[in-house]
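> Okay, sequence plus prediction incoming.
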Amino acid sequence: MRIVQTNKAYYPKVGGIETTITTLSEGFASKYSSDVKVLVCNHISKFKKIDKVINGVSVRYSPTWGFFSSLPLSPTYFWHLLKFKGDILHIHEPFPLADLTTEFFPGLRKKFTKIVASWHCDITRQKWALPVYSRFIHSFLKKVDRVIVSNPHLINNSDFLSYYKDKCEVIPIGINIDWAKTPLVTNNLFDELFEHKTDAKLLFVGRLVHYKGIEFLIDAMQQVHNAVLVILGSGPLEKELRNRINKLKLEQRIKVINEVDEETLHNYFKSCDIFILPSVNQTEAYGIVQIEAMACGKPLVCTELGTGTSYLNENNITGLVVPPSDSGALADAINKIIKDDNLRLRFGKEGKEKAFSDFTSEKMIKRTYQLYEKLLG
């Protein structure tokens with residue numbers, strides 16, 4: 001099968017969508033011997049196209065002259081995409097350059113037997129553009145043959161997908177979690193950071209940005225007793241969050257750690273008692289880090305955003321789901337799990353089973369390839 005995937009960026013850029021397209025592309029090439037090509041824009045400004053073969057996948061990085069509101073400015077992207085042809089064109093959304101290519105260059109449709117879109121999320125940070133741009137999104141969705149979504153919540157809560165439910169197919173995003181089966185290398189990670197033993201070790205992993213809602217988790221720690229929290233990540237809010245921790249006199253119970261190597265990250269997941277994702281808006285479309293915590297048998301606390309966060313973390317099954325931007329509710333949920341060992345173990349057991357049955361990379365690759373076969377007849 002000849003497959004072309006396209007998105008804003010690809011490895012070595014790291015992110016949820018980039019990881020998904022990389023996993024799919026390499027999986028199709030290795031497991032199904034498919035001819036897989038990927039077209040992306042360079043994630044840094046480069047004025048020449050770059051062609052690479054990465055783990056059996058041919059990747060073309062279109063020249064990028066700069067960025068406007070996170071959109072790569074790549075005038076030759078259209079020309080590069082029109083050079084490709086094959087059985088399946090798989091476009092990862094949101095990506096305006098691909099939408100506009102299908103709109104203004106109708107000849108693209110003739111180059112592929114079927115067009116598939118993965119709808120990762122609605123446009124959230126650039127909503128100012130929607131009064132003009134929304135018509136192009138609708139036009140694009142009318143043209144594609146199938147729309148893959150990671151969870152049913154996305155269909156029901158999207159400003160666009162509710163009009164195209166008959167085209168939507170749920171294929172959960174999956175990741176490689178085989179590492180979670182290996183024993184913990186060291187159990188001293190939290191002990192090295194905090195002087196006193198506590199009842200619970202809490203963990204957050206992610207970018208230090210506004211939509212993650214980390215300030216509400218910090219505030220919640222005032223009401224969570226005999227527990228410590230590690231905030232693992234980096235980003236523009238680091239200084240602000242550190243100042244908040246100091247102002248609340250929580251520096252002995254909360255530590256902010258910048259990015260660590262992969263083995264250390266995995267050991268933090270294995271060492272913690274509860275994993276928390278306190279995001280506050282729909283920019284948090286899925287929350288892959290929850291799968292990593294579930295694979296390690298850890299209970300979750302997350303917020304209800306109408307996205308994949310509460311699809312991964314089923315309330316009262318794998319953890320607890322609370323309203324966003326509510327420190328009191330976060331604290332109550334954390335305290336409830338800390339005080340009930342049986343509940344903590346049950347949530348962890350259910351989460352681990354769910355992670356390995358539903359959210360592995362192998363299952364995502366297989367289900368996506370089966371969809372391609374079905375479309376091609």
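That came in fine, so what should we check first?
> so where do the helices sit in the chain?
For the chain, the helices defined by DSSP state H cover 16-31, 77-82, 96-104, 130-143, 152-157, 189-193, 214-220, 238-247, 262-271, 289-295, 309-312, 327-339, 341-358, 361-376.
> Tell me how the chain divides into domains.
Domain ranges of the chain: 2-176+360-376, 178-358, per automatic domain parsing.
> and the last one, average pLDDT?
Averaging the model's pLDDT scores along domain 178-358 yields 94.
> how far does that domain stretch from start to finish?
From its first residue to its last, domain 178-358 covers 14 Å (CA to CA, to the nearest Å).
> Can you say which of the helices of the chain is packed in most?
Greatest average neighbour count among those goes to helix 289-295 (a mean of 27), per mean count of other CB atoms under 10 Å. No exception for glycine: its C-beta is placed from N, CA and C like everyone else's.
> for that one, packing partners?
Packed against helix 289-295 by the contact rule (3 or more CB pairs under 8 Å, 6 or more residues apart in numbering; DSSP states H and E) you find strand 200-205, helix 262-271, strand 274-277, strand 300-303, helix 309-312, helix 341-358.
> how does it look with 7 Å?
Using 3 or more CB pairs under 7 Å, 6 or more residues apart in numbering; DSSP states H and E, the elements in contact with helix 289-295 are strand 274-277, strand 300-303, helix 341-358.
> how about CSV for the ones you listed, with distance to Gly319 added?
Shown next, in CSV, are the helices and strands packed on helix 289-295 (distance: least, CB to CB, whole Å):
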stretch, distance to Gly319
strand 274-277, 8
strand 300-303, 3
helix 341-358, 5
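> got the buried residues for stretch 61-68?
Tyr61, Ser62, Pro63, Thr64 (16 or more other CB atoms under 10 Å).
> and Val158, what are its phi and psi?
Wrong residue type there; residue 158 is Ser, not Val. Ser158 adopts backbone torsions of phi -80, psi 150, taken as degrees, to the nearest 10.
> Identify the residue nearest it in space, chain neighbours excluded?
Spatial nearest neighbour of Ser158, excluding adjacent residues (CB to CB, 6 or more residues apart in numbering): Asp122 at 5.3 Å.
> list the contacts for the one you found?
Ser158, Asp159, Phe160, Gln282 (CB atoms under 7 Å, 6 or more residues apart in numbering).
> returning to that earlier point: identify, from the buried residues of stretch 61-68, the entry nearest to Asp87.
For the buried residues of stretch 61-68, the minimum distance to Asp87 (CB to CB) is 22.0 Å, reached by Ser62.
> dump the residue contacts of the closest one.
Leu39, Val40, Cys41, Asn42, Lys49, Ser74, Thr76, Tyr77, His80.
> can we see that at 6 Å?
Applying CB atoms under 6 Å, 6 or more residues apart in numbering to Ser62 gives the contacts Cys41, Lys49, Ser74, Thr76, Tyr77, His80.
> Find me the pLDDT at it, would you?
Reported pLDDT for Ser62: 92.
> circling back to that earlier point, where strands are concerned, which of the buried residues of stretch 61-68 count?
Tyr61, Ser62 (DSSP state E).
> So which of the buried residues of stretch 61-68 is the closest to Ile173?
Nearest to Ile173 among the buried residues of stretch 61-68: Tyr61, at 23.4 Å, using CB to CB.
> Okay, and the beta partners of the closest one?
Assessed by DSSP bridges, Tyr61 has beta-bridge partners Val40, Ile50.
> thinking it is in contact with Ile50, fair?
Yes - contact criterion CB atoms under 6 Å: Tyr61 and Ile50 qualify, at 4.2 Å.
> overlap in contacts of the two?
Joint contacts of Tyr61 and Ile50 (CB under 6 Å, 6+ apart) do not exist.
> quick one: contacts for Gly213?
Pro278, Ser279, Val280.
> CSV please, covering those residues and showing neighbour count and distance to Arg346.
Listed next are the contacts of Gly213 as CSV, based on neighbours: other CB atoms under 10 Å; distance: CB to CB, whole Å:
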residue, neighbour count, distance to Arg346
Pro278, 27, 22
Ser279, 24, 24
Val280, 19, 28
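> Nearest approach to Ser134 belongs to which of the helices and strands packed on helix 289-295?
Nearest to Ser134, of the helices and strands packed on helix 289-295 and by CB to CB, is strand 300-303 at 26.8 Å.
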